[in-house]
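*Asks:* Sequence first, predicted coordinates after that:
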Amino acid sequence: MPLAKEQLHLTKDQLGNIQIAAVSATIIARLLIGRLVDKFGPRLTYTWLLVVCSIPVFLIGTSQSYESFLFFRLAIGVIGASFVITQFHTSVMFAPSIKGTANATAGGFGNAGAGLANIMMPIIAAGCVGLGLCSEQDSWRYAMIVPGFMLLFFAFIYFRYTKDLPNGNYKELGIQNSNKENTFMLAVKDYRTWVLTVAYAACFGVEITIDNFAPIYFTDTFGASLKTAGICAGIFGLINLFARPLGGIVADKVGKSYGFSGKNLLLALLLVLEGIGIIFFGMTDQLGVAIFLMFLFGVSLKMANGATYSLVPFVNPKAVGSVAGIVGAGGNIGAMLIAFLFKAKAVKFSKDVIDETGIAQTKDLIDYTNAFYILGIIILMTGVVVLAVKFAVKHKEEETEVKGDVIPAVVYVKSK
């Protein structure tokens, strides 16, 4: 993003609009995909999503203006709906006692991809320059070819080697034709769906924001190089490899002993810790301290992600995809609202810096310090609200399944 920002002369308002467009597309896509995966299964839904979304990934490198970059970034945002399919697939493939762990581990590796991208994309871009394929200014364009081919490759892998359910595919089991119930409305009518939606907005919504703004924040606020900023942002993403699974594991342990209420208490506590960490993150002016605080609140944030989706499969077994889609969209709604906050509270300033050639020049920079402080307060309040809401169990069978006594595939197929 820093290279694209400079080459296309993107302003702080335009950067905010690009972020808003990306998460807006994901919101709509997650709501739609949730219903589609309930009806057609994860195998076909995932394959087509990956193939279609490879197109804007390939084409964004052709952008010559803010408008074209915005359009392609909007289209790329649709790929965010893949998370819903992943959570659905793990929910129906694993036993109730480890659903939280399975969902969190899969989600953690997926989100770690954002961190890996922050590390690898500058390296790939530098490689293109080193091989003489392009100039440094155009290197981000050539680098985008790599993820485009990766999407096509994994579309083939998913179609070839996965099944919708442990006992077969939807078409073989006749589920596509028999599923006529409006699973989306079942999810909408359950207040527990909305409790989790708000919670996910306060954790995953922040994660998306950090993934997108961290490179610019570290370069503009602390004067870090592109490489250093990419590594710092990458660290945040890679925390997912252990923190999100840890959230699912702890939630499973708590759920086995205390059910829904115990998991809800855990989620609220993690949100409070996340909010406190972000407040201090926004206050520091030292790069080393900022990285340390980012790591601390990142652990709480990503554990909260895992804890949230440890509850999603149990809200309604007839509408796992729709519940996952609504809650997942909530995360992106949170990111969109946070993007508005960052756009409103960003402070633009100019500073004389020394470039790599040793020449002094004036650069237009953006400071998001105030936005981080306000965001921390909001998350802290969200944790208190989640704690105050009683996450009740409507049926005894639901509490039994939370404690791991029901085989998920059987429950899911029977519910159809």
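*Replies:* Yes, it's here.
*Asks:* ok, Ser68 touching Thr62?
*Replies:* Yes. With contact defined as CB atoms under 8 Å, Ser68 reaches Thr62; the gap is 7.4 Å. All C-beta atoms are positioned from the backbone trio N, CA, C, and that covers glycine.
*Asks:* of those two, who's got more company?
*Replies:* Ser68 (14 against 11; other CB atoms under 10 Å).
*Asks:* In which helix or strand does the more buried one reside?
*Replies:* helix 66-76 (DSSP states H and E).
*Asks:* Can you mark which positions in that helix are buried?
*Replies:* By 16 or more other CB atoms under 10 Å, the buried positions in helix 66-76 come out as 66, 69-76.
*Asks:* And stretch 153-162, by the same measure?
*Replies:* Within stretch 153-162, the residues that count as buried by 16+ other CB under 10 Å are 155, 158.
*Asks:* ok now that stretch, how far from the chain's centre?
*Replies:* Distance of stretch 153-162 from its chain centroid, counting by CA atoms, centre = their mean, to the nearest Å, is 22 Å.
*Asks:* who's in contact with it?
*Replies:* 42-44, 46-47, 50-51, 54, 89 (CB atoms under 8 Å, 6 or more residues apart in numbering).
*Asks:* If we use 6 Å, what do you get?
*Replies:* Stretch 153-162 is touched from outside by 43, 46-47, 50-51, with contacts defined as CB atoms under 6 Å, 6 or more residues apart in numbering.
*Asks:* Emit the ChimeraX select command for whichever of those residues are buried.
*Replies:* Selection of the buried residues among these in ChimeraX, burial being defined by 16+ other CB under 10 Å:
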select :43,46,47,50
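*Asks:* now, which of the contacts of stretch 153-162 lie within helices?
*Replies:* 43, 46-47, 50-51 (DSSP state H).
*Asks:* Closest one of the residues you listed to Gly248?
*Replies:* Tyr46 (20.9 Å; CB to CB).
*Asks:* from what I can see that closest one touches Val84, true?
*Replies:* No. Using CB atoms under 6 Å, Tyr46 is not in contact with Val84; the gap is 9.8 Å.
*Asks:* could the contacts of stretch 153-162 go into a markdown table alongside distance to Leu375?
*Replies:* As requested, the contacts of stretch 153-162 are exported to a markdown table (distance: CB to CB, whole Å):
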| residue | distance to Leu375 |
| --- | --- |
| Arg43 | 38 |
| Tyr46 | 32 |
| Thr47 | 37 |
| Leu50 | 32 |
| Val51 | 36 |
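*Asks:* Same list (the contacts of stretch 153-162) but as TSV, adding distance to Leu287 and pLDDT.
*Replies:* Shown next, in TSV, are the contacts of stretch 153-162 (distance: CB to CB, whole Å; pLDDT from 0 to 100):
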residue	distance to Leu287	pLDDT
Arg43	45	91
Tyr46	39	94
Thr47	43	94
Leu50	37	95
Val51	41	95
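*Asks:* Farthest pair within the contacts of stretch 153-162?
*Replies:* Arg43 and Val51 (13.0 Å).
*Asks:* residue boundaries of the helices in the stretch 251-400 of the chain?
*Replies:* 287-311, 320-345, 369-388, 396-402 (DSSP state H, counting those that start in this stretch).
*Asks:* Any idea which of those helices gets closest to Ala251?
*Replies:* helix 287-311 (3.7 Å).
*Asks:* my guess is Ile33 meets Gly80, correct?
*Replies:* No. Contact between Ile33 and Gly80 fails when scored by CB under 6 Å: they sit 9.4 Å apart.
*Asks:* who has more neighbours, those two?
*Replies:* Ile33 (29 against 24).
*Asks:* Pull up the gap between that one and Phe314, please.
*Replies:* For Ile33, the distance to Phe314 (CB to CB, to the nearest Å) stands at 20 Å.
*Asks:* and Val323, what does it touch?
*Replies:* So Val323 contacts 187, 193, 312, 315-316 (CB under 6 Å, 6+ apart).
*Asks:* out of these, which is most surrounded?
*Replies:* Busiest of the contacts of Val323 [other CB under 10 Å] is Ala187, holding 29 neighbours.
*Asks:* Neighbours of the nearest residue to it once chain neighbours are set aside, how many?
*Replies:* Counting by CB to CB, 6 or more residues apart in numbering, Ala187 lies nearest to Ser322, which is 3.9 Å off, once chain neighbours are set aside. A count of neighbours around Ser322, defined by other CB under 10 Å, yields 30.
*Asks:* Against Ile338, how distant is the residue lying closest to Val272 once chain neighbours are set aside?
*Replies:* Using CB to CB, 6+ apart and skipping residues adjacent in sequence, the residue nearest Val272 is Gly383, 3.8 Å away. Per CB to CB, Gly383 is found 16 Å from Ile338.
*Asks:* ok, now Cys134?
*Replies:* To Ile338, Cys134 is 34 Å away according to CB to CB.
*Asks:* Who has more neighbours out of the two?
*Replies:* Using other CB under 10 Å, the more surrounded residue of Cys134 and Ile338 is Ile338, with 27 against 16.
*Asks:* how close does that one sit to Gly80?
*Replies:* From Ile338 across to Gly80, the span is 15 Å (CB to CB).
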